[in-house]
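Enquirer: give me a model of this one.
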Amino acid sequence: MGSCKSPHVVLLLYVLVCFVYQSFAIGVDTNQTAKLLVDASEASGRPISDTLFGIFFEEINHAGAGGLWAELVSNRGFEAGGPNVPSNIDPWSIIGTESSLIVSTDRSSFFDRNKVALRMEVLCDSQGANSCPDDGVGIYNPGFWGMNIEKGKNYSVVLYVRSSGSINVSVSLTGSDGLQKLAAASIIASGSEVSNWTKFKVMLDAQGTNPNSRLQLTTTRKGFIWFDQVSVMPLDTYKGHGFRKDLAEILEDLKPQFMRFPGGTFVEGEWLRNAFRWKETIGPWEERPGHFADVWMYWTDDGLGYFEFLQLAEDLGTLPIWVFNNGISRNDEVDTSSVLPFVQEALDGLEFARGNPNSTWGSLRAAMGHPEPFDLRYVAIGNEDCEKKNYRGNYLKFYSAIKCTYPDIKIISNCDGSSQKLDHPADLFDFHFYADDAKNMFSMAHHFDHTSRSGPKAFVSEYAVTTGSLLAALGEAGFLIGLEKNCDVVEMASYAPLFANDNGRNSKFSAIVFNSSHLYGTPSYWMQSLFNESSGATVFNATLQTNSSTNQVEQLLASAISWKNSENENSYLRIKIVNFGTDAVNLKIVVDGLELNSINLSESTKTVLTSNNPMDGNSFNDPKKVIPNRIPLEKAGKDGEDVEVAILPYSLTSIDFLIESS
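Expert: Presented below is the predicted three-dimensional model:
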C-alpha cells in the first residue's frame with residue numbers, strides 16, 4: 001500500500017460487474033444504491049489481533065470419538081457398558097448362535113484403570129458333530145456407523161488376547177454383512193503363549209473399498225478366549241499423529257490462529273464425576289479408562305486426550321487454549337475451601353504442557369514422544385460457570401496460583417465483561433451467543449460498540465445461528481464484521497460446534513458435517529473462510545451511505561481491511577459486504593488515503609457466498625450447493641476511474657483490491 005504522506009487523494013472506484021448467477025432469478029434493482037466510504041489512511045488504520053479468528057473443538061456430535069480421532073473401533077475396551085459385569089458390549093455383536101458360543105464380560109483385564117474384558121466361550125469346534133461354520137464364530141464391531149476401509153491403504157490392528165488353550169483367531173475387515181472380505185490375517189499361538197494377557201499387532205492391507213465396513217474376530221476352535229483393548233487405526237493420518245486426514249485438512253484450510261479445547265460443556269459434565277479430567281486421558285491409550293460424557297450422552301475412550309489436543313494445535317500451527325474444570329459441573333460444585341486439589345490438577349496440567357522434560361509431569365509428556373514443551377499461553381477457568389455460587393471464589397484461587405507460577409499465561413474468565421466491567425482480575429472474558437433467528441445474530445454486530453476500552457478484551461468463544469442455513473451464515477457474517485470493527489476490545493472469536501457426525505448429532509448445526517468417508521462444509525464454514533485473512537490485518541473506518549427511504553442500511557454491513565498474502569507478498573484491500581435484504585444493491589466504493597492509481601483492478605477479485613434460497617444449505621448429495629464463488633472484477637474503464645459493484649440479495653461479498661505501491 002502506498003505511503004499515507006502523499007497528497008490527499010480521493011479515489012472513486014466504479015466497476016459494473018456483469019456476473020450474475022444463472023440460477024439467481026432476482027436482477028439488480030437500479031433503484032437500490034449505496035455508497036461505501038473507506039478511509040484507508042494510516043491514521044484510520046487499527047491493528048486487528050493476530051489471533052482474532054480460530055476454532056473451538058468440543059467432544060460433541062461424536063466430533064472426536066468416531067470423527068477427528070481416526071480410531072475405527074467403537075467401545076474398544078468394552079468399558080462403555082459400565083464397570084459392573086455382565087455389561088452391555090454395544091456396538092459389538094455376535095457372529096454365531098447360542099449353541100455355538102456365549103459372549104459376556106468379566107473384570108479380568110490386567111489394566112488397572114479399565115478392568116472389563118470380553119470373554120468368549122466357543123462351544124463348537126473345527127470338526128465333529130458340533131462343528132463351527134466354515135467362517136467361524138466370534139464377534140464384530142461396526143465402528144462408528146461403519147468403518148471406512150479403502151483399497152490399497154494399510155490398517156494397524158492391535159488387540160490383547162488371553163486363552164485357556166491354543167488359539168487360531170481370524171482378524172478381518174469385511175463389509176457390513178460380513179460377506180465382502182477386504183483384508184484378513186490370523187493370530188496363531190500356543191496355549192502357553194496366551195495363558196496370560198498378550199498383545200498382538202496385525203497389519204492389514206485392504207484389497208477393497210467399503211465405507212460401511214466392520215472388524216471381525218472369529219475362530220473355529222473350541223475353548224475360552226478373552227479379548228481386550230481392540231484397536232483399528234489407519235496408517236495414513238494427518239501428520240502421522242492419529243487424526244483423520246480429511247477432517248484435519250479442512251480445519252487447516254480455515255487458517256485458525258487458535259484452538260480452544262476440549263469444551264464447552266464437555267469440560268463441566270452434568271455431574272463432576274463425569275467431567276473431563278486430563279490426567280485420565282494421557283499415557284498409553286490402552287491404560288486410559290475413558291468416561292461417559294453425560295452432557296452429550298455417549299461414551300468416549302479418550303483416545304483423543306489432553307496430549308493429542310496439544311499435538312493437534314501444534315500440527316495446525318495454531319495456539320492451544322485449554323479449558324479446564326474449576327470444581328463446578330452443571331449440577332454440583334466444590335466449595336472454595338475444598339478446591340485446592342482442583343487447582344493443583346490445573347497446575348500439573350500446565351507442567352505437563354510446558355514443563356521441562358525432567359519435571360514430574362513434563363517427563364510424562366516426553367515419554368509420550370514430545371520432549372519439547374508445547375506453546376500453551378492461554379487457559380480458561382471453567383465454562384459458562386459465572387452464575388454458579390462458588391465460581392468467583394474458585395476462580396480467584398486458580399488465578400492466583402497460575403499467575404504465581406506462570407505469570408505469562410493469559411487467563412480467561414467465564415463472566416461477561418461486554419456490558420459492565422468485571423469485578424475480578426482477568427486477561428480476557430468469555431462471551432457466548434447463540435441465536436435461533438439469524439436476524440438477531442445480524443443485529444449483534446453492534447454489541448461491542450459500547451464495551452469499555454480499558455478492561456479485559458473479549459474472547460467470543462462460542463457463537464452460531466442454530467439453523468445451519470445460508471441465512472444463518474449471513475447473520476453470523478454480520479456479527480463478525482462487528483467484531484472486526486471492535487478489534488480494540490475483541491481479541492478472539494470461534495464458531496461452535498465445529499464438527500458433527502451425521503449419524504450421531506447432539507446439535508442440528510455445525511461448521512463441518514461428516515460420516516465415515518465423506519464431509520462437507522456448511523454455509524457457516526464457508527462464511528468463516530472469507531474471514532481467515534483478518535487475523536493480524538489492519539481495519540479501516542468504513543461508512544455506508546444510502547439514498548433509499550427504506551431500512552436498506554440496516555440490511556447492509558461492511559468492513560475494510562488491508563492484508564498481505566504470505567505466498568506472493570501481495571497487499572490487498574479487502575472489503576466485505578453482507579446484504580441481509582431481499583434487494584440487490586449497486587454499491588459505489590470510495591477509498592480515501594491511497595495513492596492515485598495504486599489499485600490494480602485487473603488483478604482484483606470478487607468472491608460471493610449466496611444461493612437461490614436463503615434457507616439453502618449443503619448436504620452429502622449436494623456438498624457445494626452453497627460455497628463461495630470467486631471471479632475477476634470486470635472493469636468499466638481504466639484503473640482509477642469510477643467503480644461500482646453489484647451486491648446480490650442475501651449474500652456475503654468479499655472484494656480483494658490488489659494494491660501496488662509506486
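Enquirer: would you map the strands across the stretch 51-200 of the chain?
Expert: 55-56, 93-95, 101-106, 117-122, 137-141, 147-149, 154-163, 167-174, 181-189, 198-205 (DSSP state E, counting those that start in this stretch).
Enquirer: how about the fifth one as PDB, C-alpha atoms only?
Expert: Extracted in PDB, the C-alpha atoms of strand 137-141 (Å, rounded to 0.1, in the frame of the first residue of the first chain):
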ATOM      1  CA  VAL A 137     -17.900 -67.800  15.200                       C
ATOM      2  CA  GLY A 138     -17.000 -64.700  17.200                       C
ATOM      3  CA  ILE A 139     -17.700 -61.000  17.400                       C
ATOM      4  CA  TYR A 140     -17.700 -58.000  15.200                       C
ATOM      5  CA  ASN A 141     -17.500 -54.200  15.600                       C
END
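Enquirer: for Ser418, find the nearest of the strands of the stretch 51-200 of the chain.
Expert: Ser418 lies closest to strand 55-56 among the strands of the stretch 51-200 of the chain, at 18.2 Å (CB to CB). From N, CA and C alone the C-beta is placed, and that goes for glycine too.
Enquirer: what about the strands in the stretch 251-400 of the chain?
Expert: 258-261, 291-293, 298-300, 319-324, 378-381.
Enquirer: quick one on the thing from earlier: quick one: the strands of the stretch 51-200 of the chain as JSON lines, columns for distance to Thr405 too.
Expert: Converted to JSON lines, the strands of the stretch 51-200 of the chain look like this (distance: least, CB to CB, whole Å):
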{"stretch": "strand 55-56", "distance to Thr405": "26"}
{"stretch": "strand 93-95", "distance to Thr405": "50"}
{"stretch": "strand 101-106", "distance to Thr405": "43"}
{"stretch": "strand 117-122", "distance to Thr405": "41"}
{"stretch": "strand 137-141", "distance to Thr405": "44"}
{"stretch": "strand 147-149", "distance to Thr405": "44"}
{"stretch": "strand 154-163", "distance to Thr405": "38"}
{"stretch": "strand 167-174", "distance to Thr405": "48"}
{"stretch": "strand 181-189", "distance to Thr405": "49"}
{"stretch": "strand 198-205", "distance to Thr405": "39"}
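Enquirer: show me where pLDDT drops low in the chain?
Expert: 1-31, 548-553, 634-642, 662 (pLDDT under 70).
Enquirer: rewinding a little: most packed of the strands of the stretch 251-400 of the chain?
Expert: strand 258-261 (a mean of 27; mean count of other CB atoms under 10 Å).
Enquirer: any idea how far it is from the chain center?
Expert: The chain centre lies 8 Å from the centre of strand 258-261; the measure is CA atoms, centre = their mean, to the nearest Å.
Enquirer: what's the closest of the strands of the stretch 51-200 of the chain to Asn84?
Expert: Comparing the strands of the stretch 51-200 of the chain by CB to CB, strand 101-106 comes nearest, at 9.2 Å.
Enquirer: contact partners of the closest one?
Expert: 78, 81, 85-87, 89, 94, 116-124, 137-139, 226 (CB atoms under 8 Å, 6 or more residues apart in numbering).
Enquirer: let's see it at 10 Å
Expert: 78-79, 81-89, 92-96, 115-124, 132, 136-139, 218-219, 222, 224-228 (CB atoms under 10 Å, 6 or more residues apart in numbering).
Enquirer: of the strands of the stretch 51-200 of the chain, which is nearest Thr360?
Expert: Across the strands of the stretch 51-200 of the chain, closest to Thr360 is strand 198-205 (CB to CB), at 27.7 Å.
Enquirer: and that closest one, which strands flank it?
Expert: Next to strand 198-205 in the sheet, as set by DSSP bridges, lie strand 154-163 (antiparallel).
Enquirer: CA atoms only for the partner strand, dumped as PDB, please.
Expert: Extracted in PDB, the C-alpha atoms of strand 154-163 (Å, rounded to 0.1, in the frame of the first residue of the first chain):
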ATOM      1  CA  ASN A 154      -2.900 -50.100   5.400                       C
ATOM      2  CA  TYR A 155      -4.600 -50.600   8.800                       C
ATOM      3  CA  SER A 156      -3.000 -51.400  12.100                       C
ATOM      4  CA  VAL A 157      -5.000 -53.800  14.300                       C
ATOM      5  CA  VAL A 158      -3.900 -54.100  18.000                       C
ATOM      6  CA  LEU A 159      -5.600 -56.300  20.500                       C
ATOM      7  CA  TYR A 160      -4.900 -58.100  23.800                       C
ATOM      8  CA  VAL A 161      -5.700 -61.800  24.000                       C
ATOM      9  CA  ARG A 162      -5.800 -64.500  26.700                       C
ATOM     10  CA  SER A 163      -7.000 -68.100  26.300                       C
END
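Enquirer: quick check: angle from it to strand 167-174?
Expert: 150 degrees (axes from the mean of the first three to the mean of the last three CA atoms, to 10 degrees).
Enquirer: quick check: buried residues in strand 154-163?
Expert: Residues of strand 154-163 classed as buried: Tyr155, Val157, Val158, Leu159, Tyr160, Val161, Arg162, Ser163 (neighbour count, 16 or more other CB atoms under 10 Å).
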